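[1] I'd like to go over a predicted model; first the sequence, then the structure.
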Amino acid sequence: MPHAIQGGTIALTLFLVGSLSAQVMPPPPYLEIFREEVKVGRAGAHVQTEAGWPRAFAKAKIPNNYIAMTTIYGPTEAWFFEGHGSVAEIEAVDKAIDASPGLTQELDRLSQADAANVNGLHALLARHLPEASNGPNIDPAEMRVWEITIFRVRPGKEGSFYEGAKLYQSVVQQAQVDAPWATYEVMAGMPGPTYLVFVPHKTLAEIDPAVGVGAAIQKAMNEETMKKFGTLSEGFMSVENLVFRPSPEMSYPPAEWIAQDPKYWGRKAMATAKPAAASAQAPAPKP
């Protein structure tokens, strides 16, 4: 969970949050990502526990808005994204959390409760690469599905990734379609070189490569282009594609997002039912 790693210490903060409000906007320069492995059968309990973090931050007036997302396709995980303008800004938020009376203790309590729901937590720091991204900018509050593609590149072959991004940009331009994506380079938290490519969608149907934008891009690729991509892919160790949906219940969105779509971003986790009260009368002892 965001800033749950104490002692210093997620929107999709892609094109996402931080100090940004709901409107068409560029991606944040830096992205903190907290990746949790959710235990099988604990997804509901996980949502209940995670809802405590936004309440705690809001009560303490900490402006670290973030977006939570869960996997539709991929491992059973929850990712939290928090956008920032600089690393110094991240440090300032951490200091504000440490200085807030009682907040650290509450986050510790939530972390202990969440231990029953998750197998592990990975904290990542990534920086935006405008040259490997593609406009136009979007309104992230309207997006309901996100694709995240993880490129693990062979050391010394970073040029293959950048060249591939430029080639794909040219194909999209030829297809004459709007296909925004934002590329981030992982600075810390994963073996490198690793790049994360975020693609926003309003519906799940938009990921279908056989129709719409996907079909237009496929049509724009000729045999020569496909061969170039094949050659460039030799510089990659692996490519993994994940599909997510936002979780408003676990998110800490800006107030503007809630005002824009209160039925969606204003959703709260349902309170868990309390167990039935035990009978006041003790059962009779067995003979």
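    It's in. Quick caveat, the model's predicted, so the values are computed rather than measured.
[2] Wait, W53 touches Y252, no?
    Yes: W53 is within contact range of Y252, at 7.0 Å (criterion: C-beta atoms under 8 Å). In short, each C-beta sits where N, CA and C put it, glycine included.
[3] Spell out the secondary structure type for M69.
    Secondary structure, DSSP: H, G, I helix; E, B strand; the rest coil: M69 is strand.
[4] so who does it touch?
    Applying C-beta atoms under 8 Å, 6 or more residues apart in numbering to M69 gives the contacts 12, 78-81, 146, 244-247.
[5] Go ahead and build a ChimeraX selection from the buried members of these.
    Applying 16 or more other C-beta atoms under 10 Å to the contacts of M69, the buried members can be selected in ChimeraX as follows:
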select :12,78,79,80,81,146,244,246,247
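[6] ok, which stretches of this structure are helices?
    Under the criterion DSSP state H, helices of the chain are mapped to 43-50, 52-60, 87-99, 103-114, 158-175, 212-220, 223-232, 255-260, 262-265.
[7] which helices and strands sit right next to the shortest one?
    With contacts taken as 3 or more C-beta pairs under 8 Å, 6 or more residues apart in numbering; DSSP states H and E, helix 262-265 sits against no other helix or strand.
[8] Convert the C-alpha atoms of that helix to PDB, please.
    Output in PDB follows, covering the C-alpha atoms of helix 262-265 (Å, rounded to 0.1, in the frame of the first residue of the first chain):
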ATOM      1  CA  PRO A 262     -19.300  10.300  -7.700                       C
ATOM      2  CA  LYS A 263     -21.100   7.000  -8.400                       C
ATOM      3  CA  TYR A 264     -17.800   5.500  -9.500                       C
ATOM      4  CA  TRP A 265     -14.900   7.300  -7.600                       C
END
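[9] mind listing what's buried in it?
    Buried residues in helix 262-265 (16+ other C-beta under 10 Å): W265.
[10] Just confirm G212 contacts K202, I think it does.
    No: look at G212 against K202 with C-beta under 8 Å: they stay out of range, at 11.3 Å.
[11] who's in contact with the closest residue to G74 other than its chain neighbours?
    Distances taken as C-beta to C-beta, 6 or more residues apart in numbering place L242 nearest to G74, at 3.8 Å, with adjacent residues excluded. For L242, the contact set (C-beta under 8 Å, 6+ apart) comprises 71, 73-74, 147-150.
[12] For L232, state which of those is nearest.
    T149 (14.5 Å; C-beta to C-beta).
[13] list the contacts for F151?
    F151 touches 161, 194-197, 236, 238-239, counting by C-beta under 8 Å, 6+ apart.
[14] do K59 as well
    The contact partners of K59, taken as C-beta under 8 Å, 6+ apart, number zero.
[15] what about it, distance to K227?
    As judged by C-beta to C-beta, to the nearest Å, K59 and K227 stand 57 Å apart.
[16] on that earlier part again, write down the beta-bridge partners of the residue nearest to G74, one by one.
    Note on L242: beta-bridge partners by DSSP bridges are I148.
[17] Next, work out how far apart it and W181 are.
    Taking C-beta to C-beta, one finds L242 at 14 Å from W181.
[18] And for T203?
    Distance of T203 to W181, given as C-beta to C-beta: 17 Å.
[19] Which one's more surrounded, these two?
    W181 (21 against 10; other C-beta atoms under 10 Å).
[20] Help me confirm that that one comes into contact with V197.
    Yes: between W181 and V197 there is a contact under C-beta under 8 Å: 5.5 Å.
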